[in-house]
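>>> Got a predicted structure plus its sequence, pasted below:
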Amino acid sequence: METLRPQLNLTELRQLRWLLGGLIGLLSAWTVFYMEVDALVVLAVITAVVPVFTFFPRLSRVLPRVFHLLAFPVIVVLFALDIWSTREPLPAMIRLALMLLCYRCIAPRGRREDLQLILLALFVVVVTGVFTVSIAFVAQILLFTAASLALLLVVTLSDARAGGVAPPVKEPRRFLPQLSAAPLPGAEAGWERVSWLELLGRVRAVADVRVVALGGALFGGVVMLSALLFLALPRFEISNEFFLDRLITKSTRTGFSDNVTFQDVVNIQQDSSVALMVDVSDPNAVPGELYWRMLVLDEYSGNGFRVSAGLRSTFQSSREKMHVHTWRGLRNQDDRTVWTLYFQPGVSKYLPLLGGFSRLTFGEPQALLQSSSLRLAQLPVEPAKMVAYRVEGMDTDGMIRDPFFAREGRIRVNESRFGQAAAERGLDPMLDELVPRDVTFLDLGLERPEDVALLQKWVAEIGGPGEGGGEFARRAAAWLQSRHAYSLSMRLSPGEGDPLIRWLNSSEPGHCELFAGGLVMLSRAAGIPARLITGFKGGVWNPVSGSITVRNSDAHAWAEIWDHGLGAWLRSDATPGAQATPGTGLSAGFRSLEFDEGWGARFDGLRVFWYRRIVSFDQDSQMELLRGTKEHIRATLESMRVFIEEKLRAFAAWVRSPWDVSRVAGLVGGLVALLSLVVLWRRAGRGWWMGWRSRRAASHRRDPVRIEASRWLARLERAERGRAGAGPELRAQLEVTRARLLRLRFGAREGWATPAVVFRQAKSVLRSLSRVRR
Amino acid sequence: MPTSEPQAASSRPQPVTTLVPAVLEAASVQDEAPVPGATEWQGPWAASRRRRDRRWRSLLWALLYPPRGHRIVPTVTGVLLIAVSLGIGTAAYNTANNILFITLSILLSCLILSGVMSWLNLRGVAWRLHASGPWRAGQTQTVALELRNAKAILPTYGLWFDLRAGEAQERRHLGIRLDAGAGTRLEWAVKAARRGRLDVELRGVGSLFPFGFLHKSVASDLVREVLVWPASVDYRRHLGSAAWRAAPSQGQVNRPGHGSDLLALRRYAPGDSPRLVHWKATARLRQILVRQFVAEGLEGFILQVSSDAALWPRAEQFELALGLAATLAEDLFKQERLQAVRIDEEAPLTVRRLRDVESFLDRLALLEPTERPMRYTEGPRASGPNLRRVLRIEPHGARGVAALLDGNLAATA
């Protein structure tokens, strides 16, 4: 007799339900760690409280009734205060969801409360995933799905065990959990006294390996089906506006903002997280030196550089949100290299670019501010999630051409934007003497004449402005590198005066910002327009994904010096060890980059796959996939057709070739052998095979002989129906055959006739019956 | 059963058994033979056996168009899931956000998984009703639903069965796991309100398995008709005990019993006492023969019931009369004093065995007042002197019923 497996009783199901609820609460709450919404306090409370209450369910009964009475009103009041104080609806909603989640995890739960818990958890997981666009979302949503389905399964089983869904209990306050007043019908009192080890042992005893494996396979099927649905869901755009963006604001964390003080970029370098992932359609088009420009700063503030109001006025805003933004008239429109950049949130609202571009495409409609003279682009607000954009026709030679500046010696100021930009800086645009309208990139911004004199002295030491900006920049960079070593820390000798001038006057080591700032000041003192650029330098090649990874530790500052002869801004990096010369290493290819081959690279590769194939999947990708599938099917069919044609041609050639005795004998022999094999199989092989399987069958129901006998019995019964005209001899044969088949079907093996013989007999009777007219 | 006066003769409460379903051994459900009192197997497994030769085609077709009677309706949780899916789908299309598309895909997959698992749960399951008679009005009877899970690996969970018997209906839940290849019985204690024919039905089978998103139900037309005998009634015997008691001098009944006179010899049957062996005859005929004695001679009765509508103007009084007749018939048979029964002017039916009494009760179960005039004729006179006493059921007062023995009040109810 088969040993019956034990079954979980209602109490154990209840305990399992409690455990799964706690797990879901924790899992979903912890996803918020990936999102910067200032919910650390709530998260800490959840992390501390929920595991304790999950592990000791008795604590949920200890909570006084007044706690349940006040919980919901207090949470609502906290939410209202949160909204009022922060003015950010979405973070407040997430904190609200976390508080509710926490309460649901520690308060007794019925079916309704379990559903509420799942919905709250789903909200938290999805919103976090939408904002972070992290690859961790896949793991989070899969874990959440598995845990939720398990919880719903246990809820269904416990309801069935209890004899149906528990009727709602009428209570004076609807928000109170049912179980606080009425236990689940049939639930044994004191289910909260749980020994988790015992429960684990019981679950192991109850679980059937085959069923668990099948359940795992079904869940795998769900994942596969989800993937297929994701690919197959028709993609069409309705309005395409990411409304959640408006519910959350985010400030730049890393320092790539309009005002960069010395040490800001160095601080960014302390962070080794990924800032940018770059997919290049043609890896050989990657230049030898990658300088990702983000910000152009022109105004020296005494402790750093900032974007002047005039420079900010050069940014033109697109009238509406668009997928595609273009800069017409730029020379590099014929370059077919497509750069796809996945820019992480929390870095900056300025988009990293190598230079000017002809076409910039977003995955979703996006407003963009562009400055064609600066070759910069910025988003209106700091992005709360990863931004993917595709750039075509991007300049990579390190030169920014500006015909207007070459002609006028100043940046063209947009008057209508100028007032707005000045107001944003807290300046009065009406006071012309305070707010220069023309940006010449020559203003030193130094108050002390001694400092200016020092600069003039150093310019003379360097050899004067010379013939062009590029040549002066090389000399100035060499002069700087001869006086200063590179260091991430900034040391200044005590004394009065401008800090940058003091550093230049010393032999202290410095970081990239000081070198770049010093070069800008020296150039300006020499009468050459110069500006400071911040962004990223370099990146590593990830061979797993075939993409470039740029980390925050690659943050860098350099200068751009105006070369009047070329009519362009030349990149000049005075930092020791940097390639300062623009135009070098053009199209050196990805092999010129450092290769990243560690485990981190594999994960980054996975992340690029996630961004490339999942996050950026759109209607075009879908069409591409369809085309690819169609092409693959067509190619497969074509190769099959070719294969069949080849075989047919070979057969025809074989037939047409001269026949002789040996060929005829071989053909006949082959046919006879084949026929013999078929007959042998039908006469003996099939019976032996069935008998072998029959002897190994685990039960009667799986015994192939019994199954075959059952089929023949059914066939005979159908054939006999309505054929009353069968003769007595046939009827006798039928009865004998039926008796033998019944013995095969139900009888002991010892009493069997040879199954193959019986089946042949049944076949013969069936044929005879079919000849009798109905 | 000998009764004393006053006596509550036959109000015998029967235990109401509401059994916890017990899992049967796998082998016990392999029996294909028809069981008395049970219907044919029904359910997806039975249906699939009937159409085994076109199994895959029918399976695929059934996935597109569920068979007749199969319904899948979303529950509140399912509606919630669909609403959430719609909301996320709308947001996904509005924002072209692939995270939302992934979530939408997973939600839709869960819905599909729910449907597949629900189908798998019911697949291979069969059930049949056991509702064997006799039933007695007012008494609790047990309807058994036999279940089997013919699947090879997967257990079946969380089914419920909607049962109905007359006005009584109940939803019985299969609270346990029904393992692959195992069977179980669900029992329902039901009380028939009135006599007559009663259809015990399995109206449908449903399940919320696995996640409670979908309510899958399978309509069932499984009906078992049972005959409900009139209710047992409490009655009071009025004649002196001597009138009811046996009068041995009045002779013996020509049937086997426990008297002292030899009736015949018969072959030995297992269970016979060795004392009864007739050794001489055994030796002579070379086979074991035992003695069979004549039953004690007791004065028997003829129980006579009239269905004349004029006699029974009140329906409840008629029901009470039938109940009294049924109760008396049973009691007298147990006392071996029921000689014959008679309904209206039909020929009396001599009672020799239990089946005769049951036939009489079957008749009583379906008896309705008739409009034809009815006269009690002289009771049947059999050859034996002990077949003269007729117990006639007649109205007694406005609501009561009496059994008259040769015109004398013998019992009232």
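All right, it came through fine. Residues are numbered from 1 along each chain as shown, chains lettered A, B, ... in the order given.
>>> Confirm A:A150 sits in a strand?
No: assigned with DSSP: H, G, I helix; E, B strand; the rest coil, A:A150 falls outside any strand and is helix.
>>> Sticking with the residue nearest to it when sequence neighbours are not counted, tell me its helix or strand.
Nearest residue to A:A150, sequence neighbours excluded (CB to CB, 6 or more residues apart in numbering or on different chains): A:L20, at 5.6 Å. The way it works is simple: take the backbone N, C-alpha and C, and place the C-beta from them, glycine included. Secondary structure assignment for A:L20, by DSSP states H and E: helix A:10-30.
>>> mind listing what A:S493 touches?
A:R502, A:S506, A:E508 (CB atoms under 8 Å, 6 or more residues apart in numbering or on different chains).
>>> Then it would be within a helix, right?
No: using three-state DSSP, the assignment for A:S493 is coil, not a helix.
>>> if we look at stretch B:399-413, which residues are touching it?
With CB under 8 Å, 6+ apart, stretch B:399-413 has contacts from B:233-239, B:243-244, B:301, B:314, B:316-317, B:320-321, B:323-325, B:327-328, B:389-396.
>>> hang on, the earlier thing: and the helix holding A:L20, how far out from the chain middle?
Relative to the centre of its chain, helix A:10-30 is centred 27 Å away, using CA atoms, centre = their mean, to the nearest Å.
>>> Next secondary structure after it?
helix A:40-55.
>>> The residue of the stretch 401-550 of chain A found nearest chain B: what secondary structure?
Per CB to the nearest CB, A:S545 is where the stretch 401-550 of chain A lies closest to chain B, at 18.0 Å. Put simply, A:S545 is coil when judged by three-state DSSP.
>>> Need the phi and psi values for it.
Dihedral pair for A:S545: phi -100, psi -10, per degrees, to the nearest 10.
>>> How many neighbouring residues does it have?
For A:S545, the neighbour count with other CB atoms under 10 Å in any protein chain shown is 21.
>>> B:Q317 now?
B:Q317, neighbours per other CB under 10 Å, totals 18.
>>> Could you say which helix or strand holds it?
Counting by DSSP H and E, B:Q317 is part of helix B:315-334.
>>> can you list the weak-confidence ranges in chain A?
Within chain A, the ranges that satisfy pLDDT under 70 run A:1-4, A:164-189, A:237-255, A:319, A:328-334, A:415, A:425, A:427-437, A:579-588, A:774.
>>> got the domain boundaries for it?
A:10-194, A:251-617, A:619-657, A:666-771 (automatic domain parsing).
>>> Quick check: A:R161 touching B:G175?
Yes: counting by CB atoms under 8 Å, B:G175 is a contact partner of A:R161 at 4.4 Å.
>>> more crowded one of these two?
Higher neighbour count among A:R161 and B:G175: A:R161, with 28 against 24, using other CB under 10 Å.
>>> orientation of the helix holding A:L20 relative to helix A:40-55 in degrees?
Relative orientation of helix A:10-30 versus helix A:40-55 (axes from the mean of the first three to the mean of the last three CA atoms, to 10 degrees): 170 degrees.
>>> packing partners for helix A:10-30?
Helix A:10-30 is packed against helix A:40-55, helix A:89-106, helix A:111-132, helix A:136-161, helix A:196-206, with contacts defined by 3 or more CB pairs under 8 Å, 6 or more residues apart in numbering or on different chains; DSSP states H and E.
>>> Out of those helices, the one nearest A:V387 is which?
Nearest to A:V387, of all the helices and strands packed on helix A:10-30, is helix A:111-132, at 12.0 Å by CB to CB.
>>> Would the closest one count as contacting chain B?
Yes: counting by CB under 8 Å from any CB of the partner chain, chain B has neighbours in helix A:111-132: A:L115, A:L119, A:L122, A:V126, A:G129, A:V130.
>>> wait, which of those residues is closest to B:C110?
Distance to B:C110, by CB to CB, is smallest for A:L122 among the residues of helix A:111-132 next to chain B, at 11.1 Å.
>>> give the contact list for A:S134.
Counted by CB under 8 Å, 6+ apart, A:S134 has contacts A:Y34, A:M386.
>>> Can you classify it by secondary structure?
With three-state DSSP as the basis, A:S134 sits in coil.
>>> buried stuff in whichever helix in chain A runs longest?
Counting residues, the longest helix found in chain A (DSSP state H) is helix A:619-656. Buried residues in helix A:619-656, counting neighbours by 16 or more other CB atoms under 10 Å in any protein chain shown, are found at A:S621.
>>> Check stretch A:345-363 too.
For stretch A:345-363, a neighbour-count test (16+ other CB under 10 Å) marks A:345-363 as buried.
>>> Leaving out sequence neighbours, find the closest residue to the closest residue to chain A within the stretch 201-350 of chain B.
Residue nearest to chain A within the stretch 201-350 of chain B: B:F211 (3.9 Å; CB to the nearest CB). The shortest distance from B:F211 to any non-neighbouring residue, by CB to CB, 6+ apart, is to A:L152 (3.9 Å).
>>> tell me the contacts of that neighbour?
Here A:L152 is in contact with A:D114, A:I118, B:T77, B:P210, B:F211, B:G212, B:F213 (CB under 8 Å, 6+ apart).
>>> and the fifth one, how many neighbours?
Translated: B:F211. A count of nearby residues for B:F211, using other CB under 10 Å, gives 24.
>>> part of a strand, is it?
No: judged by three-state DSSP, B:F211 forms no part of a strand; its state is coil.
>>> who are the neighbours in contact with it?
Taking CB under 8 Å, 6+ apart as the test, what B:F211 contacts is A:L149, A:L152, A:L153, A:T156, B:T77, B:C110, B:S114, B:M117.
>>> So the second one versus A:D114, what's the distance?
Look at A:L152 and A:D114: by CB to CB, to the nearest Å, they are 8 Å apart.
>>> repeat for the last one
Here B:M117 is placed at a distance of 19 Å from A:D114 (CB to CB).
>>> mind checking the SS state of residue 190?
Answering for chain A, as no chain was given. Relying on three-state DSSP, one would call A:G190 coil.
>>> my bad, the chain I had in mind was chain B
Looking at B:V190 with three-state DSSP, the answer is strand.
>>> burial measure for it, as a count.
Close neighbours of B:V190, defined as other CB under 10 Å, add up to 22.
>>> what about the nearest residue to it once chain neighbours are set aside, neighbour count?
Nearest residue to B:V190, sequence neighbours excluded (CB to CB, 6+ apart): B:A165, at 4.8 Å. Number of residues near B:A165 (other CB under 10 Å) recorded here: 23.
>>> check contacts around B:A165.
B:A131, B:V143, B:V190, B:A192, B:L198, B:D199, B:V200, B:E201.
>>> so the last one sits in a helix?
No: with three-state DSSP as the criterion, B:E201 is assigned strand and is not in a helix.
>>> wait, it sits on B:A219?
No: in this structure B:E201 lies outside contact range of B:A219 using CB under 8 Å: 11.1 Å.
>>> which of those two has more neighbours?
B:E201 (21 against 15).
>>> pLDDT at that one, what is it?
Residue-level confidence at B:E201 comes out at 90, pLDDT.
>>> Report the beta-bridge partners for it.
Taking DSSP bridges as the rule, B:E201 bridges to B:R164, B:V223.
>>> Next, the contact list for it, please.
Per CB under 8 Å, 6+ apart, neighbours of B:E201: B:L163, B:R164, B:A165, B:S220, B:D221, B:L222, B:V223, B:R224.
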